[in-house]
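**Student:** Here is the input, now give the coordinates:
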Amino acid sequence: MKKRYSAVDLTDLAIGIIVLGIAVTIGATILLNVRDARLTDLAILTTANETGVVLNSSSGAHTLVNIWGKSVSDCYCNQSGAGFLADCGTNSTLGSVNYTVSISSGGTIGLVNATNSTYNDVKCTYDYYDTTRADWALPNDAAIGIAEFGNWFDIIIIVGIAGLILALIFMAFGNRGGQDQGVVY
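**Tutor:** Okay, here's the model as predicted:
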């Protein structure tokens with residue numbers, strides 16, 4: 001009579017993956033809270049006259065270059081001519097009634113045209129937080145890395161399946177010597 005082996009119980013593997021997922025989620029949340037708590041302590045830098053801003057009714061929001069914005073102080077018409085308002089000459093202030101500023105939870109500054117007028121070339125001056133300081137950048141980079149857990153999950157599944165296949169192979173072929181012993185790990 002042949003000795004039969006029981007099926008491999010995958011409950012421990014599943015529980016391990018769930019516990020790992022919970023630990024990574026808690027870690028990412030803590031890192032994001034540490035990062036966000038330090039944001040307003042950072043130095044404020046100013047970008048003066050960022051050019052290339054296009055504000056028209058059909059282009060949607062224009063995103064400014066530097067993220068983690070604080071505020072937009074002024075926007076100016078960079079040039080006048082065809083397609084521009086008659087009262088919007090070169091270097092004239094574009095009143096804040098002509099655009100709305102939105103700052104996303106990720107710190108991205110978006111400018112949206114609030115009128116039906118087209119402003120093809122606008123330059124804006126705005127303030128943003130200096131996020132290069134180590135006590136902000138380190139938790140931010142770590143949180144971004146941990147947020148890639150979705151990629152880790154694929155690796156864990158592949159390693160788990162490979163381990164399962166190896167275990168089945170060792171169970172099937174590991175005892176060919178005629179001895180009545182199991183595989184010892």
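**Student:** okay, now residue 19: neighbour count?
**Tutor:** 10 (other C-beta atoms under 10 Å). C-betas here are computed from N, CA, C, even on glycine.
**Student:** tell me which element it is part of?
**Tutor:** Assigned by DSSP states H and E, residue 19 belongs to helix 11-37.
**Student:** What is that helix packed up against?
**Tutor:** helix 134-146, helix 149-173 (3 or more C-beta pairs under 8 Å, 6 or more residues apart in numbering; DSSP states H and E).
**Student:** which residue is nearest the middle of the protein?
**Tutor:** Nearest to the geometric centre of the chain sits residue 144, at 6.1 Å (C-alpha atoms, centre = their mean).
**Student:** show me the contacts for that residue.
**Tutor:** Listed by C-beta atoms under 8 Å, 6 or more residues apart in numbering, the contact set of residue 144 is empty.
**Student:** and the gap between it and residue 96?
**Tutor:** Between residue 144 and residue 96 the computed distance is 33 Å (C-beta to C-beta, to the nearest Å).
**Student:** correct me, but residue 133 touches residue 42?
**Tutor:** Yes - taking contacts as C-beta atoms under 8 Å, residue 133 lies within contact range of residue 42: 5.7 Å.
**Student:** okay, these two: which has more neighbours?
**Tutor:** Legend: neighbour count by other C-beta under 10 Å for residue 133 and residue 42, higher for residue 42 (18 against 13).
**Student:** show me what contacts the more buried one?
**Tutor:** 129, 130, 131, 133, 136.
**Student:** My read is that the first one contacts residue 44, right?
**Tutor:** If I follow you right, that is residue 129. Yes - look at residue 129 against residue 44 with C-beta under 8 Å: they come within range, at 6.3 Å.
**Student:** hey, what's in contact with both of those two?
**Tutor:** Counting by C-beta under 8 Å, 6+ apart, the residues touching both residue 129 and residue 44 are residue 70.
**Student:** neighbour-wise, which of these two wins?
**Tutor:** Using other C-beta under 10 Å as the criterion, residue 129 and residue 44 rank with residue 129 on top: 21 against 11.
**Student:** List phi and psi for that one.
**Tutor:** phi -80, psi 140 (degrees, to the nearest 10).
**Student:** Distance check, it against residue 104.
**Tutor:** Counting by C-beta to C-beta - residue 129 and residue 104 are separated by 14 Å.
**Student:** Please apply the same query to residue 15.
**Tutor:** Counting by C-beta to C-beta, the separation of residue 15 from residue 104 is 37 Å.
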